[in-house]
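[1] how does the following fold in three dimensions:
(chains A and B)
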Amino acid sequence: QKEVEQDPGPLSVPEGAIVSLNCTYSNSAFQYFMWYRQYSRKGPELLMYTYSSGNKEDGRFTAQVDKSSKYISLFIRDSQPSDSATYLCAMSATNYGGSQGNLIFGKGTKLSVKP
Amino acid sequence: DAGVIQSPRHEVTEMGQEVTLRCKPISGHDYLFWYRQTMMRGLELLIYFNNNVPIDDSGMPEDRFSAKMPNASFSTLKIQPSEPRDSAVYFCASSRGLQPQHFGDGTRLSIL
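    As a prediction, the model looks like this:
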């Protein structure tokens, strides 16, 4: 079993839809959780980061962590064509920066929002 | 603020040639990471530095790969000799302390 599993998609939704992106993980030591957005031919860009369990909201984006289920989610409300990108989850046992070189990424889910 | 800057953006070269990828981290960041991204394996950490010192190079696939960080504002990843299976997108990222990593836009490498 891989440490972090993420459905690669692709996921296609109409503009205005609510999008749910998810990752599961096996390492119960993970405490720091991040979502990166990657546009085509660009580097991953940090979108959200959360510590331990709970919710965090930023505009149209909500990140949720359920440590008991080893499951994290990113919700996008009122999705826009500009949200079309690949979304990667990332997680670490020790800190957001992975300063022990232990930041583990999912392979990413490709999202397409159709006008 | 300028982000992480990588060069070149694209590199096409023939098998056996030496390839050098370059990275300028964000000023003030003390960690620098090199990753490789492929469809099959996703993002893989190759090596990372703290205060210009290599800390963990266990992700470097073979001795053909080497990385240096001569100062706080510059790092190189070198492949010599290059092989077709090295074709991938190589990313550099930097961070300050325990904060999240910031990525450059990558170098798309094709080895023919």
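
[2] what's the spacing between the closest residue to A:P14 other than its chain neighbours and A:P10?
    Nearest in space to A:P14, with sequence neighbours left out and distances taken as Cβ to Cβ, 6 or more residues apart in numbering or on different chains, is A:K114 at 5.5 Å. For every residue, glycine as well, the C-beta is placed using N, CA and C. To A:P10, A:K114 is 12 Å away according to Cβ to Cβ, to the nearest Å.

[3] repeat for A:E57
    For A:E57, the distance to A:P10 equals 26 Å [Cβ to Cβ].

[4] can you get me a residue count around the residue nearest to A:P14?
    By the criterion of other Cβ atoms under 10 Å in any protein chain shown, A:K114 has 11 neighbours.

[5] need the residues of chain B near chain A, please.
    Applying Cβ under 8 Å from any Cβ of the partner chain, one finds that chain B approaches chain A through B:4, B:31, B:33, B:42-43, B:45, B:48, B:50, B:55-56, B:59, B:91, B:93, B:95-106, B:108.

[6] in helices, which of those residues appear?
    Using DSSP state H to define helices, no part of the residues of chain B next to chain A is located there.

[7] which positions within whichever strand or helix holds A:K110 qualify as buried?
    Counting by DSSP states H and E, the element that carries A:K110 is strand A:109-114. Under the neighbour-count criterion of 16 or more other Cβ atoms under 10 Å in any protein chain shown, strand A:109-114 has A:109-111, A:113 buried.

[8] any chance of these in TSV, plus distance to A:S40 and pLDDT?
    TSV is the format used below for these (distance: Cβ to Cβ, whole Å; pLDDT from 0 to 100):
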residue	distance to A:S40	pLDDT
A:T109	14	96
A:K110	10	95
A:L111	12	97
A:V113	14	97
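
[9] ok, and which of the residues you listed reach chain B?
    Okay, of those, nothing touches chain B (Cβ under 8 Å from any Cβ).

[10] so which two of the residues you listed are the farthest from each other?
    Spatial extent of these (Cβ to Cβ) is set by the pair A:T109 and A:V113 at 12.8 Å.

[11] skip the chain neighbours and tell me the closest residue to the residue nearest the centre of chain B.
    The centre of chain B sits closest to B:W34, judged by Cα atoms, centre = their mean, with a distance of 3.5 Å. Nearest residue to B:W34 in three dimensions, chain neighbours excluded: B:L46, at 4.5 Å (Cβ to Cβ, 6+ apart).

[12] which residues does that neighbour contact?
    B:L46 sits next to B:34-36, B:57, B:59-61, B:65, B:67, B:77 when contact means Cβ atoms under 8 Å, 6 or more residues apart in numbering or on different chains.

[13] what pLDDT does it get?
    Looking at B:L46, its pLDDT reads 96.
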